[in-house]
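S.K.: Fold the stuff below for me.
(chains A, B and C)
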Amino acid sequence: MRNAARGGLNLRATLECGQVFHWRERSDRSWEGLVGSEYAVVRETDGHLDVQHGRRERVARYFALDHDLAEIYAGFPQDETMQAALDYGRGLRIIRQPAWECLATFITSSMKQVVHIRQMSLALRSRFGAPVAGTDLRSYPEPGALAAASEEELRACRLGYRAKHLRATAESVASGRANLAAWAAFDDEALREALCGLPGVGRKVANCVMLFGYERLAAFPVDTWIGRILQRNYWRGRARATPLALERRLAGRFGPHAGYAQQYLFHHARATQGRGRS
DNA sequence: ACCCAGGGGCAAG
DNA sequence: CTTGCCCATGGG
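M.R.: Model prediction:
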């Protein structure tokens, strides 16, 4: 079953740009992963999505094929830095990721490279997740499963100091004190404030969860990569600014879908300025 | 040996 | 409201 994507699709960029961490490519160039707790196999053909396994509508929604990329791109700034990132990542989509999976994953992301986040995520799935029919992939652990785990067990998944934060937030969500589903009704500021109240969640992680888990496309996470890009290309000659200052002063330049712009800049920088410059 | 990675929390200025 | 330091772990 083939699904039209408004403005094209770059499946590899979408799945490897650092917004989601468990998908894997198969030898036939298709990709397999879990949409919530459902096994899915997908493939990109001519800029469209081929759903080879899984419920078509559900998978299409997960990959946000309804996002109108042409309209989103039209809001990007017309400068060289942004256009180079756009040319490189064209077709990359911000997907609709389950809020808890996204929140938990980004709590473990602090001071870690994408490859490590993936390893921790897979270890958590393997140790605490539930089996899924049709695959050896396991669903992301429920909040209760992580809340019931000991800190030592979480550290065994190589989480380090992040184990304490993940466990505490899992408890908060499992108890219902933090109702992630209800928070979807909050406006951006209220949602950010609610998220920042959770252990291990500061402004950067909150912005990632808003962008990837709540479809708040204006959310603009500033990490070390984006900080460098903004400082060098959009804040030249001025005093070194903190991530928060950069976000407040510059996010507006990237339009109503600033989060999309941010992800293209991140993906481009990571690929071209590559991790190992020896 | 040293540096950095999709940071956050906390105490101190 | 900002800055400095620590928090583990892996890789270059």
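S.K.: Quick check: residue A:174 touching residue A:147?
M.R.: Yes. The pair residue A:174 and residue A:147 qualifies as a contact (CB atoms under 8 Å) at a distance of 4.4 Å. (Glycine included, C-beta is placed from N, CA and C.)
S.K.: Within range of DNA strand B, give me the residues from the stretch 101-250 of chain A.
M.R.: A:109-117, A:161, A:165, A:196, A:198-206, A:208, A:221, A:223-226 (CB under 7 Å from any atom of the strand).
S.K.: Can you check which strand is longest in chain A?
M.R.: Among the segments of chain A that qualify as a strand by DSSP state E, the longest is strand A:38-45.
S.K.: so whichever helix or strand comes after it versus strand A:38-45, what angle?
M.R.: Scanning forward in sequence from strand A:38-45 by DSSP states H and E, the next helix or strand is strand A:48-53. Interaxial angle of strand A:48-53 relative to strand A:38-45 (axes from the mean of the first three to the mean of the last three CA atoms, to 10 degrees): 140 degrees.
S.K.: Now do the phi/psi pair for the residue in the stretch 51-200 of chain A that DNA strand C sits nearest to.
M.R.: Nearest residue of the stretch 51-200 of chain A to DNA strand C, counting by CB to the nearest atom of the strand: residue A:160, 3.0 Å away. Backbone torsions of residue A:160, given as degrees, to the nearest 10, read phi 60, psi -140.
S.K.: Would you mind measuring from it to residue A:69?
M.R.: 37 Å (CB to CB, to the nearest Å).
S.K.: Residue A:151 now?
M.R.: According to CB to CB, residue A:151 stands 43 Å off from residue A:69.
S.K.: the more surrounded of the two?
M.R.: In this view residue A:151 and residue A:69 are compared by other CB atoms under 10 Å, and residue A:69 has more residues nearby, 22 against 13.
S.K.: Quick one, grab the pLDDT at the residue of the stretch 51-200 of chain A closest to DNA strand C.
M.R.: Residue A:160 carries a pLDDT value of 98.
S.K.: Could you count how many residues lie near it?
M.R.: 14.
S.K.: residues touching it, list them.
M.R.: Contacts for residue A:160 were tallied using CB atoms under 8 Å, 6 or more residues apart in numbering; there are none.
S.K.: Straight-line length of stretch A:233-245, end to end?
M.R.: 15 Å (CA to CA, to the nearest Å).
S.K.: And for that stretch, what's in contact with it?
M.R.: Contacts for stretch A:233-245 (CB under 8 Å, 6+ apart): A:79, A:81, A:203-204, A:222-223, A:227, A:230-231, A:246, A:249-250, A:253.
S.K.: Now the two most distant members of the residues you listed.
M.R.: The largest separation in these, counting by CB to CB, is between A:79 and A:203 at 25.2 Å.
S.K.: that older thread, quick one: buried residues of the longest strand of chain A?
M.R.: Of the residues in strand A:38-45, A:38, A:39, A:40, A:41, A:42, A:43, A:44 count as buried by neighbour count, 16 or more other CB atoms under 10 Å.
S.K.: Off-centre distance for it?
M.R.: 18 Å (CA atoms, centre = their mean, to the nearest Å).
S.K.: strands paired with it, and their directions?
M.R.: Partners of strand A:38-45 in the sheet, by DSSP bridges, are strand A:31-35 (antiparallel), strand A:48-53 (antiparallel).
S.K.: Check which residues of the longest one are buried.
M.R.: By that I understand strand A:48-53. For strand A:48-53, burial by neighbour count (16+ other CB under 10 Å) applies to A:49, A:51, A:52.
S.K.: Many thanks, I have nothing further to ask.
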